[in-house]
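In: starting from these lines, generate the structure:
(one chain, ligands or ions: 1)
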Amino acid sequence: MPGSSCDNCAIDDDDLVAVRRVYRIPETWDTPASEQVLDEIEYWCVSCWTQYPNTTPPT
Ligand SMILES: [Zn+2]
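Out: Numbering: from 1, shown residues only. This is a model prediction of the structure:
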């Protein structure tokens, strides 16, 4: 596991969770709402993991 700080908020934390970030794209007048999942694995602290949209990578 790279480093020991959260890739999202940069807090030092030994208890990081491997996630893939999810971008929520809001609905517009001509496009329905959608989600984009990034391929890159990031390591987040539990606080970010519970607060921001993400999905856990396949193992
Ligand atoms: Zn964090």
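In: quick one: contacts for the closest residue to Y52 other than its chain neighbours?
Out: Nearest residue to Y52, sequence neighbours excluded (Cβ to Cβ, 6 or more residues apart in numbering): N8, at 6.5 Å. Where C-beta positions appear, they are placed from N, C-alpha and C, glycine not excepted. The contact partners of N8, by Cβ atoms under 8 Å, 6 or more residues apart in numbering, come to 21, 42, 44-45, 48, 52.
In: next: W44.
Out: 6-9, 16-17, 19, 52, 54.
In: okay, and it sits in which element?
Out: In the assignment (DSSP states H and E), W44 maps to strand 34-45.
In: so what's the gap between that strand and the chain middle?
Out: 4 Å (Cα atoms, centre = their mean, to the nearest Å).
In: what pairs with that strand, parallel or antiparallel?
Out: In the sheet, strand 34-45 lines up against strand 16-25 (antiparallel) (DSSP bridges).
In: rewinding a little: give me the subset of the contacts of W44 that also touch the ion.
Out: Among these, the residues within reach of the ion (Cβ under 5 Å from the ion) are 6, 8-9.
In: now this structure, which segments are flagged as low pLDDT?
Out: For the chain, the stretches with pLDDT under 70 are 1-3, 58-59.
In: what parts of it come near the ion?
Out: 6, 8-9, 45, 48.
In: I'd like those as a markdown table, with secondary structure appended.
Out: A markdown table is the format used below for the residues of the chain next to the ion (DSSP: H, G, I helix; E, B strand; the rest coil):
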| residue | secondary structure |
| --- | --- |
| C6 | coil |
| N8 | coil |
| C9 | coil |
| C45 | strand |
| C48 | helix |
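In: who's in contact with the residue nearest to the spatial centre of the chain?
Out: By Cα atoms, centre = their mean, the chain has its centre lying nearest to R21, at 2.9 Å. R21 sits next to 8, 37-38, 40, 42, 52-54 when contact means Cβ under 8 Å, 6+ apart.
In: kindly report the same for D15.
Out: 45-46.
In: cutoff 7 Å now
Out: V46 (Cβ atoms under 7 Å, 6 or more residues apart in numbering).
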